[in-house]
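Participant: Generate a structure from the sequence data that follows.
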Amino acid sequence: MSSQAAGNQTASGAADDYSDWYLDEPQDGQELPAEGAVPSCHPSVLSGLLHTCLAVLSVLVLLLLAVLMRRRQLRPRCRHGGPRLPSPVDFLAGDMTWTVPAAVFMVLFSSLCLLLPAEDALPFLTLASFPSGDGRTVTLRGPWKILSLLYYPALYYPLAACATVRHGAAHLLGSMLSWAHFGVQVWQRAECPQTPQIHKYYSLLASLPLLLGLGFLSLWYPVQLVRSVRRRPGVGSEGLQSSYSEDYLRTLLCRKKLASSSRASKHGFLSRAWVSYRNYIYTPQRGFRLPLKLVLSATLTGSAIYQVALLLLVGVVPTIQRMRAGITTDICYLLAGFGILLSEDKQEVVGLVKYYLWALEACYISALVLSCSLTFLMLIRSLVTHRTNLQALHRGAALDLGPLPQHPHPSRQAIVCWMSFSAYHTAFTCLGLLVQQIIFFLGTTILAFLVFMPMLHGRNLLLLRHLESSWPFWLTLSLAVILQNTAAHWVFLETHHGRPELTNRRVLYAVTFFLFPINVLVGAMVVAWRVLLSALYNAIHLGQMDLSLMPPRAAALDPGYYTYCSFLKIEASQSHPATTAFCTLLLRTRQPRRPQDGLRRGEEEEGMQLLQTKDPAARGVGSRARQGRARWGLAYTLLHNPALQAFRKPALSGA
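Facilitator: Purely as a prediction, here's the structure:
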């Protein structure tokens, strides 16, 4: 009895011990992490503390730059005033280096892209959550997200301003600030390479342009610092070199000689192919440089293509892969509920569903590659159009801009369009790439599942069976089109004395009357084809601002094209390279200077003011030949340059 009781007690104790039965159950009320979930990262130094230090350092650098400009008298008008903030980018300076602004704008745009999936709108601010009426916790991130759109430009303002000051101390401050930004970003990515938002490696991959831009700045500023130390003080440190404007003028004056020498080499096949290649693919041209705004737009477009493509890739493809990996025989019952029976064998059904999901993934990736390739090719093609339009405006030509205003003088709307051009171009690129991805994905999916896969496997021939059942309809339409084209070529058109003329008009009228019902059906097919082509064409060119998506009469209603035309007018009137070159010649005739001396910043405006005075002493006492050349060049510029039309004698006398 005792042994039986002991046995029963042992059995009941073993039965009551459920801890070994369910090994996958959570212990102590803790939930197990989902499969593939990224655990929370706890960095050794809080991200908020690092960004607070960066913000304080940026403010200190900006104040030091303002004091430096005051003490070094880099701005002559600041001698009797307080310190002034330096400009982040000299957008209209023809000889401004484009590498630093492009890197800073790429860093800024990448930071804004990383802000999209972030939980904290500001990196140094943790938002509090409060319960709502339905029992859930709510965190207000909207206002702080808007505030962060102003925080990041203020954070990277000193990083760009250190390059515009053009002083050794500014390069030293830029080196320190770029190293600090780059070190913080590398430290954060090294400690927490995986994040739970969107994809575990999305934050790391999206920050690659950010790290690339900061890495370039951390190398560029030290190189400029070493150059400024080796350079002799006072030689070119404050000068605005006019090399680009002089090269442009030299190329412009020597264009006839170059054209005559190159005309003889345009007869070969390779030369014609090279000319065609240059008309569609942008290649650098001697004596011409794209404005800084266009270079920034091209850089931001490349960054936008990468960021949007990365978001579309990591947001969809891993989900499809997890769905394909989790397919079981239960999918048969799900398909049977919708009346779909792929096969009697459940394992075969599982294999078919996985195959279809793989085909869907292949269609998605193919559409993404096609969208990115077309967007990049349209960007390269747009650069050629930009150069052609700017060269025409520099020559004084009036572009065919439709009903848009043709006057070259800047206006308030033109200034606003010039300010927002790069931002608009970036937004158009992002939206255009998204629209292209949707259209191409739908198109490739329809072709794959309705045409190619049924033809390869001999099943689900829905489209082919529909075409087989409606073949009389398509045959009638085809014969009607072929008949009309054949009759128009052989019956209704004859050539007399080298000129085509209509003949057999009675037969023409009869055929037109009898084929009217069939032509209505043909017109319905043409309408569908027209809608498809229009949607495809507009989707491909949606990211281009140099092309209006509306007819010429309604081109002014296209905000992107209107912004582009206004941007070109501001660039052509305010940063004309010939204007800078001729004003440099005027200042050299007024006051002789050494060949190595450059033109100080702001003296191009002073040269334009010289055009209003008639005092001979103010124009210098150079040689007559040099003054004659300068005056002839000035006369040519006054006639063809819209920026100086206000300084003509009739305009001045009328004022």
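Participant: Restricting to C-alpha, output stretch 351-364 in PDB.
Facilitator: The C-alpha coordinates for stretch 351-364 follow below in PDB (Å, rounded to 0.1, in the frame of the first residue of the first chain):
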ATOM      1  CA  GLY A 351       5.400  24.600 -54.400                       C
ATOM      2  CA  LEU A 352       3.300  26.600 -56.900                       C
ATOM      3  CA  VAL A 353       2.500  29.300 -54.400                       C
ATOM      4  CA  LYS A 354       6.100  29.700 -53.500                       C
ATOM      5  CA  TYR A 355       7.000  29.800 -57.200                       C
ATOM      6  CA  TYR A 356       4.400  32.500 -57.700                       C
ATOM      7  CA  LEU A 357       5.700  34.500 -54.800                       C
ATOM      8  CA  TRP A 358       9.200  34.200 -56.200                       C
ATOM      9  CA  ALA A 359       8.000  35.500 -59.500                       C
ATOM     10  CA  LEU A 360       6.300  38.400 -57.800                       C
ATOM     11  CA  GLU A 361       9.500  39.300 -56.000                       C
ATOM     12  CA  ALA A 362      11.400  39.100 -59.300                       C
ATOM     13  CA  CYS A 363       8.900  41.400 -60.900                       C
ATOM     14  CA  TYR A 364       9.200  43.900 -58.100                       C
END
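Participant: just checking, next helix/strand downstream of the one helix or strand in the chain whose mean pLDDT sits lowest?
Facilitator: Ranked by mean pLDDT, DSSP states H and E, the weakest helix or strand in the chain is strand 239-240, scoring a mean of 40. Where DSSP states H and E defines the elements, the next helix or strand beyond strand 239-240 is helix 243-253.
Participant: what about His386, how many residues close to it?
Facilitator: Residues lying near His386 (other C-beta atoms under 10 Å) number 23. In short, each C-beta sits where N, CA and C put it, glycine included.
Participant: element containing it?
Facilitator: Taking DSSP H and E as the criterion, the element that holds His386 is helix 346-394.
Participant: Show me what the mean pLDDT comes to for that helix.
Facilitator: Throughout helix 346-394, pLDDT has a mean value of 89.
Participant: now for it, which elements pack on it?
Facilitator: On a contact count with 3 or more C-beta pairs under 8 Å, 6 or more residues apart in numbering; DSSP states H and E, helix 346-394 meets helix 269-280, helix 292-325, helix 331-337, helix 421-447, helix 559-574.
Participant: Would you indicate which residues of the first one are buried?
Facilitator: Okay, so that is helix 269-280. Across helix 269-280, burial judged by 16 or more other C-beta atoms under 10 Å covers no residue at all.
Participant: State the separation between that helix and the centre of the chain it belongs to.
Facilitator: 27 Å (C-alpha atoms, centre = their mean, to the nearest Å).
Participant: how much does it deviate in direction from helix 346-394?
Facilitator: Relative orientation of helix 269-280 versus helix 346-394 (axes from the mean of the first three to the mean of the last three C-alpha atoms, to 10 degrees): 90 degrees.
Participant: Could I get the CA-only coordinates of helix 269-280 as PDB?
Facilitator: Once non-C-alpha atoms are left out, helix 269-280 reads as follows in PDB (Å, rounded to 0.1, in the frame of the first residue of the first chain):
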ATOM      1  CA  PHE A 269      31.100  57.500 -88.300                       C
ATOM      2  CA  LEU A 270      32.800  57.700 -84.900                       C
ATOM      3  CA  SER A 271      32.700  61.500 -84.900                       C
ATOM      4  CA  ARG A 272      28.900  61.500 -85.700                       C
ATOM      5  CA  ALA A 273      28.300  58.900 -83.000                       C
ATOM      6  CA  TRP A 274      30.300  61.000 -80.500                       C
ATOM      7  CA  VAL A 275      28.200  64.000 -81.400                       C
ATOM      8  CA  SER A 276      25.000  62.000 -80.900                       C
ATOM      9  CA  TYR A 277      26.300  60.700 -77.600                       C
ATOM     10  CA  ARG A 278      27.000  64.200 -76.400                       C
ATOM     11  CA  ASN A 279      23.500  65.300 -77.300                       C
ATOM     12  CA  TYR A 280      22.000  62.800 -74.900                       C
END
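Participant: contacting residues around the helix or strand following the helix holding His386?
Facilitator: Under the assignment DSSP H and E, the closest C-terminal helix or strand after helix 346-394 is helix 412-419. Outside of helix 412-419, the residues within contact range by C-beta atoms under 8 Å, 6 or more residues apart in numbering are 293, 562-564, 566-567, 569-571.
Participant: Could you identify the most distant pair in these?
Facilitator: In those, two members sit farther apart than any others by C-beta to C-beta. They are Lys293 and Tyr562, at 16.2 Å.
Participant: Report the spatially closest residue to Lys346, excluding sequence-adjacent ones.
Facilitator: Thr329 (4.4 Å; C-beta to C-beta, 6 or more residues apart in numbering).
Participant: Could you do Glu348 as well?
Facilitator: Glu348 sits nearest to Leu342 (C-beta to C-beta, 6+ apart), 7.4 Å away.
Participant: SS state for that neighbour?
Facilitator: Secondary structure, DSSP: H, G, I helix; E, B strand; the rest coil: Leu342 is coil.
Participant: distance of it from Leu461?
Facilitator: Distance from Leu342 to Leu461, counting by C-beta to C-beta, to the nearest Å: 14 Å.
Participant: what about those two, which has more around it?
Facilitator: The neighbour comparison of Leu342 against Leu461 (other C-beta under 10 Å) goes to Leu342, with 19 against 15.
Participant: Surely the more buried one is in contact with Gly351?
Facilitator: No. With contact defined as C-beta atoms under 8 Å, Leu342 and Gly351 do not form a contacting pair (9.6 Å).
Participant: for Cys332, what are its contacts?
Facilitator: Applying C-beta under 8 Å, 6+ apart, the residues near Cys332 are 346, 349-350.
Participant: Compute the number of surrounding residues for the residue nearest to Lys346.
Facilitator: 11.
Participant: List the residues that contact it.
Facilitator: The contact partners of Thr329, taken as C-beta under 8 Å, 6+ apart, are 346-347, 349-350.
Participant: before we move on, what SS does it have?
Facilitator: For Thr329, the reduced secondary structure class is coil; criterion used: three-state DSSP.
Participant: Looks to me like Leu547 is in a helix.
Facilitator: No. Counting by three-state DSSP, Leu547 is located in no helix; its state is coil.
Participant: what about it, distance to Asp558?
Facilitator: For Leu547 relative to Asp558 (C-beta to C-beta), the value is 9 Å.
Participant: what's the answer for Thr329, then?
Facilitator: In this view, Thr329 and Asp558 are 55 Å apart by C-beta to C-beta.
Participant: returning to that earlier point: could you export the contacts of Thr329 as a markdown table, including distance to Ala510 and neighbour count?
Facilitator: Listed next are the contacts of Thr329 as a markdown table, based on distance: C-beta to C-beta, whole Å; neighbours: other C-beta atoms under 10 Å:
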| residue | distance to Ala510 | neighbour count |
| --- | --- | --- |
| Lys346 | 64 | 15 |
| Gln347 | 65 | 10 |
| Val349 | 59 | 20 |
| Val350 | 63 | 18 |
